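Q: pasting the sequence and the predicted model now:
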Amino acid sequence: MTAAPAPEGARTYRAPSGVVTMVLTGLLALFLLGDAVVRGGWGPMLLLAPWVLLGLWVVYQISFVSHVRVTGEGVLVQNLLRRTAFGWSQVRDIDLRWQLVFSLQDGTDLTSFGGPAHARPRRSRMRDEDARTVPTGFRDLADIRDRWQAADVTADQAIRRSWDWKALGALGVILVCAAVSVWLVEAS
């Protein structure tokens, strides 16, 4: 998990594989659009661009956008297009199964797709068998539990669930552009 330091002691946990996937997919998209300009010109590239951007948007949603953001006041969990924010007073328990799981006061369990995950410990042939390191997921879990235990749980913050409206807006714009490109191809 990568953790981006931020002011106010906030910490964001995101899968490093998502960052790598997003960079490689972005480079592939740039190559495809550049190739379309070289081979066909700007017009055909503009007709292909919405489809390439739609693929890039799907990869972004699946691999990169899911994350867990932890602050002193509470947690924001984003799973694909769904966001759930809650204060520490709403947390009953935090566990690490395959992914990080928050058990909330309303009886629901919230599994975070982009937060710390359970992974097998790395084995190094250079070390002794006794000198194994603690997996990153367990260190991140301990950090999150420490923040939970140190938080002021008297401030009652409700559980807020919402959609990622920016991502949905971007999808809407891409779909409108794709419809326009289909219409232009059919009209010519």
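A: Right, received. Where do you want to start? Residues are numbered from 1 along each chain as shown.

Q: can you read off the pLDDT for Ser66?
A: On the pLDDT scale, Ser66 is placed at 93.

Q: could you pick out the longest strand of the chain?
A: Scanning the chain for the longest strand, with DSSP state E as the assignment, gives strand 109-117.

Q: find the centremost residue of the chain, please.
A: For the chain, the residue sitting closest to the mean C-alpha position, by CA atoms, centre = their mean, is Ser66 at 2.1 Å.

Q: hmm, that one is touching Ser112, no?
A: Yes: counting by CB atoms under 8 Å, a contact exists between Ser66 and Ser112, whose distance comes to 7.2 Å. Any C-beta I mention is one placed from the backbone N, CA and C, and that applies to glycine too.

Q: so what sits against both of these two?
A: In terms of CB atoms under 8 Å, 6 or more residues apart in numbering, Ser66 and Ser112 are both contacted by the residues Asn79.

Q: picking up where we left off before, give the contact list for the residue nearest to the centre of the chain.
A: When contacts are counted by CB under 8 Å, 6+ apart, Ser66 touches 14-15, 18, 78-80, 112-115.

Q: recalculate using a threshold of 6 Å.
A: Under the criterion of CB atoms under 6 Å, 6 or more residues apart in numbering, the contact partners of Ser66 comprise 78-79, 113-114.

Q: just give me the least confident of those.
A: Gly114 (83).

Q: now the residue nearest to the centre of the chain, nearest residue through space, not along the chain?
A: Gly114 (3.0 Å; CB to CB, 6 or more residues apart in numbering).

Q: same check, this time on Ile62
A: Counting by CB to CB, 6+ apart, Ile62 lies nearest to Leu80, which is 7.4 Å off, once chain neighbours are set aside.

Q: same question for Gly74.
A: Leaving out its chain neighbours, Gly74 is closest to Gly87 (CB to CB, 6+ apart), at 4.0 Å.

Q: could you do Leu47 as well?
A: Leaving aside its chain neighbours, Leu47 sits nearest to Ser181 (4.5 Å; criterion: CB to CB, 6+ apart).

Q: just the CA trace of the helix or strand that the one you found is a member of, in CSV.
A: Counting by DSSP states H and E, the element that carries Ser181 is helix 165-187. Backbone C-alpha positions of helix 165-187 (Å, rounded to 0.1, in the frame of the first residue of the first chain) are rendered in CSV as follows:
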residue,chain,number,x,y,z
TRP,A,165,-20.3,12.6,-8.9
LYS,A,166,-17.1,13.9,-10.5
ALA,A,167,-16.4,10.4,-12.0
LEU,A,168,-20.0,10.0,-13.1
GLY,A,169,-19.9,13.5,-14.7
ALA,A,170,-16.7,12.5,-16.6
LEU,A,171,-18.4,9.3,-17.7
GLY,A,172,-21.4,11.4,-19.0
VAL,A,173,-19.1,13.7,-21.0
ILE,A,174,-17.2,10.7,-22.5
LEU,A,175,-20.5,9.0,-23.4
VAL,A,176,-21.8,12.2,-25.1
CYS,A,177,-18.6,12.5,-27.1
ALA,A,178,-18.9,8.9,-28.1
ALA,A,179,-22.4,9.4,-29.2
VAL,A,180,-21.4,12.4,-31.2
SER,A,181,-18.5,10.4,-32.8
VAL,A,182,-21.0,7.6,-33.8
TRP,A,183,-23.4,10.2,-35.2
LEU,A,184,-20.6,11.9,-37.2
VAL,A,185,-19.5,8.6,-38.7
GLU,A,186,-23.0,7.6,-39.6
ALA,A,187,-23.7,11.0,-41.1
